[in-house]
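In: With the sequence up front, the predicted model follows.
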Amino acid sequence: MLSNEEKLNIALKARLNAYAPYSKFKVGAVVIFDDDSYVVGCNTECASFGITQCAERNAIYGSICLGKDPRKIKELVCVADTPKPTSPCGACRQVMAEFMSKDSLITLFNIKGDMVQYKLEELIPYCFVDSDMGNN
Ligand code: THU
């Protein structure tokens, strides 16, 4: 199992790859699977700002591109240079809810190493999911 220090270091390394020339706000993320394998992500911006992609979603979608099963993600880690540990945006929370279980762990850091942890359900309670469309 990865230690919290290892999680932070992996996320910090991913953050270095962020492409954030517009906001200058770099974010690193890691999704960790049941078997302790992991996939990293960083934010990637675009001159057409609205199609910028967050680090968290890049990590989740990237893992799918690599052939991983995103439903086996047990933890998502995120780091940014914020006074308090960074917090995922609403769009990323919705994507987390698509793939991750309610009790999966969200571990949030700032670059100083301050850390908070939540269950996904705490970050996005009462969210819209596939079963709301009668798809079970
Ligand atoms: N960003 C993330 O990567 N994750 C979040 O949860 C919040 C915001 C990125 C998007 C954009 O590149 C920059 O941070 C400023 O919003």
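Out: Received it, and whenever you're ready, just let me know what you need. Numbers count the residues shown, from 1 in each chain.
In: Now for the closest residue to Asn4 other than its chain neighbours: which residues touch it?
Out: Nearest residue to Asn4 in three dimensions, chain neighbours excluded: Met115, at 6.2 Å (Cβ to Cβ, 6 or more residues apart in numbering). C-betas here are computed from N, CA, C, even on glycine. Met115 is in contact with 4, 8, 85, 107-109, counting by Cβ atoms under 8 Å, 6 or more residues apart in numbering.
In: hmm, 7 Å instead?
Out: Met115 makes contacts with 4, 85, 107-109, as judged by Cβ atoms under 7 Å, 6 or more residues apart in numbering.
In: In ChimeraX, select just the buried ones from the residues you listed.
Out: Of those, the buried ones can be selected in ChimeraX as follows, counting by 16 or more other Cβ atoms under 10 Å:
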select :85,107,108,109
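In: Out of the contacts of Met115, list just those in helices.
Out: Asn4 (DSSP state H).
In: picking up where we left off before, show me what the residue nearest to Asn4 bridges to in the sheet.
Out: Under the criterion DSSP bridges, Met115 forms beta bridges with Phe109.
In: separation between it and Cys78?
Out: Met115 is 11 Å from Cys78, where distance means Cβ to Cβ, to the nearest Å.
In: Also Ile51?
Out: Relative to Cys78, and taking Cβ to Cβ, Ile51 is found at 20 Å.
In: Just want to know which of these two has more residues nearby.
Out: Legend: neighbour count by other Cβ atoms under 10 Å for Ile51 and Cys78, higher for Cys78 (27 against 9).
In: Now do the contacts for the residue nearest to that one when sequence neighbours are not counted.
Out: Among residues not flanking Cys78 along the chain, Ala29 sits closest, at 4.8 Å (Cβ to Cβ, 6+ apart). The contact partners of Ala29, by Cβ under 7 Å, 6+ apart, come to 11, 14, 40-41, 55-56, 59, 76-78.
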